[in-house]
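Q: okay, here's the prediction I keep looking at, along with the sequence it came from:
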Amino acid sequence: MYFLKWSNRLLAFSLEIMMLIIAVYAPIKLIVTPWIKYAVAAGLLVFIIVLWGIWAAPSSASRLKLPYLVIFKFLIYLLPTFLLYKMGMKNYAGILYALVVINEIVALLFHEYN
């Protein structure tokens, strides 16, 4: 059980890092105009970091409570899933969101949000 709990925490951290990488990479690949693609990439990165810092960070004073935290995570992970889909990486989009669902189910089973 201990191994599964820590593996799930590692998966959660990996998903968060992947979300940030996809938020920067996708606009650079999808948008043609040079200055716009970098502005959108930076804007998405800041947007995700600010929202996550306010509502999902463990040390945040205004962290959402259950079930709103899980709903927020499902919604914010739709962004990188959609971006992967728009880049033509439909299989990766499905895998990413399946991992998010698995991660949240295991986190709920181990009472990670208490």
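A: Sure, I can see it.

Q: poorly predicted segments of this protein, please.
A: 114 (pLDDT under 70).

Q: regarding it, what is its longest helix?
A: helix 2-30 (DSSP state H).

Q: and for this structure, the residue most distant from the center?
A: T33 (26.1 Å; CA atoms, centre = their mean).

Q: measure that residue to F47 for me?
A: 20 Å (CB to CB, to the nearest Å). For every residue, glycine as well, the C-beta is placed using N, CA and C.

Q: could you do L83 as well?
A: 13 Å.

Q: which one's more surrounded, the two?
A: L83 (21 against 13; other CB atoms under 10 Å).

Q: thought the more buried one was touching A26?
A: Yes - L83 lies in contact with A26 (CB atoms under 8 Å); the separation is 3.7 Å.

Q: tell me the phi and psi of I54?
A: In terms of degrees, to the nearest 10, the main-chain angles of I54 are phi -80, psi -50.

Q: kindly report the same for the one 5 residues further on.
A: Recorded main-chain torsions at S59 are phi -100, psi 10, according to degrees, to the nearest 10.

Q: can you report how many residues lie near the closest residue in space to A57 that isn't next to it in sequence?
A: Using CB to CB, 6 or more residues apart in numbering and skipping the chain neighbours, the partner closest in space to A57 is R63 (6.6 Å). Residues lying near R63 (other CB under 10 Å) number 16.

Q: what of L45?
A: Around L45 there are 16 other residues, counting by other CB under 10 Å.

Q: quick one: contacts for it?
A: L20, A23, V24 (CB atoms under 8 Å, 6 or more residues apart in numbering).

Q: give me that answer again for 10 Å
A: Taking CB atoms under 10 Å, 6 or more residues apart in numbering, we find L45 in contact with M19, L20, I21, A23, V24, P27.
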